[in-house]
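Colleague: Mind looking at a prediction? Sequence and model below.
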Amino acid sequence: MDMDARSMEKINLFLLFFLFLWLPGCKNERLPVSQVRIDTDKMPLQEFKDTTRLSCTENDRRLWTLTTTHLVKYKADGRIYVNPVHITYNTRDGVSLLESDSGQISYAMDTLLAVGNVRICAADGKRLVTSLIGWYKNTGKIISDRFVKFTTEDGDVYSGVGFIANTDLSEWKILRNVRATIHEADKKMQ
């Protein structure tokens, strides 16, 4: 008898599970279109899913040009979301390149945040690798609070946590836990 009670319990659970899945499908109630409410603050104002270019200029001088394949602009937070990120910064020494998996740009285009596999290459060959970096138009600086690896044009490698530099990487500073590998150090020490 004990086995029959267990078997019945399993059958009842199966039936309840089946009814739970089947009953909601029986209701085919849809709201009339006039009653459907859409939260427009959560909908994109614009979305582009093809190669898109966006530029930031100041005093008839192009500061940077972004190229991406997915761009979404929302009303609610005033940000433009892009992925991937490919930016060319126009500097006094040439062009610096920034690439990352994704990014955010403020609506005023005065702040850019690059996230995931961030790589920067300056016109003179300096390179920076990190996971997150921000660009701030009002200071003309790029800033990170993450681990960075910086390689000079001579091949010297510096790493640490936190980074501040100008966009062409001509002036830079690693903030903490600095380590260095100096290429041909014996020649540079003389």
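Modeller: Okay, I see it. Numbering: from 1, shown residues only.

Colleague: Mind pulling the model confidence for residue 54?
Modeller: pLDDT, residue 54: 85.

Colleague: give the contact list for residue 133.
Modeller: 98, 100, 113, 114, 118, 120, 142, 143, 144, 146, 163 (Cβ atoms under 8 Å, 6 or more residues apart in numbering). C-betas here are computed from N, CA, C, even on glycine.

Colleague: can you do 6 Å?
Modeller: By Cβ atoms under 6 Å, 6 or more residues apart in numbering, residue 133 lies in contact with 114, 118, 142, 144.

Colleague: Same check on residue 183?
Modeller: 154, 155, 156.

Colleague: got it, and residue 87?
Modeller: Contacts of residue 87 (Cβ under 6 Å, 6+ apart): 64, 66, 98.

Colleague: how distant is the host helix or strand of the first one from the center of its chain?
Modeller: Following DSSP states H and E, the helix or strand that holds residue 64 is strand 61-68. Between the mean C-alpha location of strand 61-68 and the chain-wide mean there is a distance of 17 Å, by Cα atoms, centre = their mean, to the nearest Å.

Colleague: Buried residues of the following helix or strand past it, list them for me.
Modeller: Downstream of strand 61-68, the first helix or strand assigned by DSSP H and E is strand 71-74. Residues 71, 73, 74 are the ones in strand 71-74 that count as buried (16 or more other Cβ atoms under 10 Å).

Colleague: So in terms of bridging, what pairs with the second one?
Modeller: For residue 73, the beta-bridge partners are residue 46, residue 80 (DSSP bridges).

Colleague: residue contacts, it?
Modeller: 45, 46, 80.

Colleague: Do you know the pLDDT at the first one?
Modeller: The confidence metric pLDDT takes the value 74 at residue 45.
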